[in-house]
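S.K.: can you look at this prediction? I've put the sequence above it.
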Amino acid sequence: MKIKHTILFFVGILSLSCQKKEASRPPNVILIITDDQGYGDLGIHKNPNIITPAIDAFAKKSIRFNNFHVSPVCAPTRSSLMTGRYSLRTGVRDTYNGGAVMAASEFTLAEMLKKVNYTTGIFGKWHLGDNYPSRPSDQGFDESLIHLAGGIGQVGDFTNYFKMETSYFDPVLWHNNKQKAYKGYCSDIFTQNAIDFIEKNHDQPFFCYLSFNAPHTPLQVPDKYYQIYKGIDPSEGIDPKLLPLADMNEKSDEDARRVYAMVTNIDDNLNQLFQKLEALGIEEETIVIFMTDNGPQQARFVGGMRGRKSSVHRGGIRVPFFMSYPSKYGGNREMNQMAAHIDLVPTLSQLCGAPLPQDRKIDGRSFVPALEGKTLTERSFFSYWTRKFPEKYNNVALQRGNYKLVGKKDFDADVEDFELYNLKEDPFEINNLVVQNKEKATSLKTEMDAFISELTSSPNLVNPPRIAIGTPHENPVYLNRNDAGGQRGVWSQEEIFSYWKVDIEKGVYDFKFKFLKPLDGPGEMFLELGQSILKKHNPLPNLDLLVWKGVSLPKGKFDLIPFYRKQRRSNFFPLWVEIKKVE
């Protein structure tokens with residue numbers, strides 16, 4: 001009898017020990033982000049025309065952030081999410097034009113969590129560099145399944161570009177840096193692979209970054225989802241004061257139908273993911289976040305906010321943000337304090353017991369105190385968007401407390417030329433108070449000037465990230481149009497000047513230059529690297545691929561400038577360049 005009691009005693013101790021061990025385990029983290037889905041593209045945000053039951057139900061049992069802000073466009077938002085820093089500090093200054101490559105020296109959310117033994121995976125859109133050393137696998141992700149550039153089928157996503165209107169179906173994706181063909185619709189593929197990752201790793205802490213490229217253009221969606229919305233009027237049932245009616249037309253109505261169909265497909269996919277968490281019994285110990293990366297690209301319901309994607313007005317930068325962590329925080333409540341994308345890294349650092357780096361400035365702050373009922377101190381939040389670099393004072397904003405200063409004027413604008421809003425009294429940014437409160441506007445403009453000066457002098461902008469050529473980490477290297485710099489707006493033009501910033505290892509290389517269309521007639525192919533110019537005559541007509549073998553290159557940092565010249569008049573820039581080190 002005594003032995004039996006002793007055994008029961010030790011079993012009890014062991015049980016308590018296991019419970020304590022389980023309780024001390026860090027939470028899993030699932031970060032879900034959609035692309036160009038605006039604040040109004042959800043049923044819970046009073047859009048009567050969209051069907052999002054899974055996301056709405058998730059939001060109702062979550063902490064709903066009603067004052068959450070991001071950057072006006074996607075790559076800057078994603079760099080801030082990954083680092084806790086304003087995008088300009090990371091080297092990200094654009095969505096293409098060579099400005100969507102994040103510096104390899106950045107310490108990402110994935111790297112931070114790996115330091116405390118998380119398994120990490122990304123599924124979907126990365127948009128922070130497609131080559132070593134800026135790929136997800138170089139930045140802390142154990143598993144990656146991504147498309148290239150900023151969207152499937154964009155000019156930089158050369159494996160799907162020529163599929164045009166079917167690029168979202170049966171895409172060629174990059175799994176752990178290798179091309180692989182997939183069957184199905186892109187959002188379904190990314191979700192299923194994310195679920196597989198969760199199932200494989202649910203016995204240990206994991207970080208899953210499910211980053212949809214939908215509902216970004218091109219607006220391609222399975223027909224069964226389109227049929228749900230085919231006959232709707234997207235303005236029906238919505239207070240006209242809450243719609244940008246001046247911008248609504250037949251095209252925007254059709255775009256809205258397709259966007260809503262894409263979002264409903266995402267909703268169905270997330271329903272599967274939420275059910276998997278329940279089936280695995282890990283829902284209580286998993287932080288799940290749903291958010292979007294900026295406002296809507298097309299004109300549609302935005303909850304009455306002014307502006308949309310690319311604008312620093314609230315319609316461009318205020319997005320849904322729902323967070324669930326059942327074992328720690330009660331759900332079904334509102335969070336009205338201001339938070340932003342730069343806050344995610346410091347918040348997860350605190351919740352997951354993963355130390356922040358101490359060798360750089362983290363612009364964000366943890367919002368854990370707000371989750372616990374405390375009031376956060378007032379702070380300033382800087383927003384901007386223009387191509388290439390910030391333009392003083394065009395499409396730039398500084399928010400502090402309830403006040404927001406917006407600049408949409410020339411570089412030498414006086415403070416009276418700015419817009420000043422009290423967001424508490426005027427959330428739709430209608431009443432410009434700059435004349436009535438010039439003192440507040442002047443104070444915010446002074447602070448805005450300091451932000452612009454500091455951020456535009458960031459080392460990663462002064463010395464932008466370069467693509468490494470000739471390393472064992474990536475060979476061959478494919479240089480794509482998304483990461484090409486040069487003229488503003490380099491996209492799919494044939495005749496345009498552009499280049500890639502590269503860091504070359506000395507060696508012998510083979511080159512392939514792929515052009516958008518067959519080259520008409522004989523001409524000359526040029527490759528410029530600093531003071532070195534290589535030229536080769538092409539006598540053959542109608543070629544869209546030129547091959548060079550055995551090219552000796554020096555070690556160094558260069559602007560790699562390839563172009564094809566015909567009759568000394570037209571210069572044609574390649575769609576992509578393959579560079580393979582052979583010795």
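M.R.: Thanks, I have the structure now.
S.K.: in terms of secondary structure, what does whichever strand or helix holds Glu439 contact?
M.R.: Assigned by DSSP states H and E, Glu439 belongs to helix 438-456. If you count contacts as 3 or more C-beta pairs under 8 Å, 6 or more residues apart in numbering; DSSP states H and E, helix 438-456 packs onto helix 87-90, strand 380-384, strand 394-400, strand 403-408, strand 419-422. For the C-beta atoms, the positions are set from N, CA and C on the backbone; glycine is no exception.
S.K.: for that helix, buried residues please.
M.R.: Judged by neighbour count using 16 or more other C-beta atoms under 10 Å, the buried positions of helix 438-456 are 440-445, 448, 451-452, 455.
S.K.: which outside residues touch whichever helix or strand comes after it?
M.R.: For helix 438-456, the following helix or strand on the C-terminal side (DSSP H and E) is helix 459-462. Under the contact criterion C-beta atoms under 8 Å, 6 or more residues apart in numbering, helix 459-462 has outside partners 88-91, 93, 103, 105-106, 389, 455.
S.K.: give me the sheet partners of the next helix or strand after helix 459-462 and which way each runs.
M.R.: Toward the C-terminal end, the helix or strand that comes next after helix 459-462 (DSSP H and E) is strand 467-469. Strands adjacent to strand 467-469 in the sheet, as given by DSSP bridges, are strand 498-504 (parallel).
S.K.: parallel or antiparallel, which strands does the following helix or strand past the strand it pairs with pair with?
M.R.: Next helix or strand after strand 498-504 toward the C-terminus (DSSP H and E): strand 507-519. Applying DSSP bridges, strand 507-519 is found paired with strand 543-553 (antiparallel), strand 576-581 (antiparallel).
S.K.: and strand 507-519, which residues are buried?
M.R.: Applying 16+ other C-beta under 10 Å to strand 507-519 flags 507, 509, 511-513, 515-516, 519 as buried.
S.K.: picking that back up, how distant is the helix holding Glu439 from the center of its chain?
M.R.: From the chain centre to the centre of helix 438-456 is a distance of 27 Å (C-alpha atoms, centre = their mean, to the nearest Å).
S.K.: report the buried residues of stretch 416-435.
M.R.: 418-423, 427-429, 433-434.
S.K.: quick one: contacts of it?
M.R.: For stretch 416-435, the external contacting residues (C-beta under 8 Å, 6+ apart) are 304-307, 313-314, 393, 399, 402-410, 415, 437-438, 440-441, 444-445.
S.K.: now list the buried members of these.
M.R.: Using 16+ other C-beta under 10 Å, the buried ones in those are 304-307, 313-314, 393, 399, 403-409, 415, 440-441, 444-445.
S.K.: which helix or strand contains the most centrally placed residue in the chain?
M.R.: For the chain, Arg78 is the residue whose C-alpha lies nearest the centre (C-alpha atoms, centre = their mean; 3.4 Å). Using DSSP H and E, Arg78 falls within helix 74-83.
S.K.: that helix vs strand 380-384, what angle?
M.R.: 150 degrees (axes from the mean of the first three to the mean of the last three C-alpha atoms, to 10 degrees).
S.K.: quick one: average pLDDT of helix 74-83?
M.R.: For helix 74-83, mean pLDDT is 98.
S.K.: how close does the nearest residue to Asp233 once chain neighbours are set aside sit to Asp343?
M.R.: Nearest in space to Asp233, with sequence neighbours left out and distances taken as C-beta to C-beta, 6 or more residues apart in numbering, is Asp253 at 7.0 Å. Asp253 sits 36 Å away from Asp343, going by C-beta to C-beta, to the nearest Å.
S.K.: and stretch 57-76, what's buried?
M.R.: Those would be 57-59, 62-65, 67-76, for stretch 57-76 by 16+ other C-beta under 10 Å.
S.K.: that stretch: end-to-end distance?
M.R.: In stretch 57-76, first residue to last residue: 29 Å (C-alpha to C-alpha, to the nearest Å).
S.K.: in a markdown table: the helices and strands packed on helix 438-456, plus distance to Val172 and mean pLDDT.
M.R.: Listed next are the helices and strands packed on helix 438-456 as a markdown table, based on distance: least, C-beta to C-beta, whole Å; pLDDT from 0 to 100:
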| stretch | distance to Val172 | mean pLDDT |
| --- | --- | --- |
| helix 87-90 | 28 | 98 |
| strand 380-384 | 35 | 97 |
| strand 394-400 | 35 | 97 |
| strand 403-408 | 41 | 97 |
| strand 419-422 | 45 | 98 |
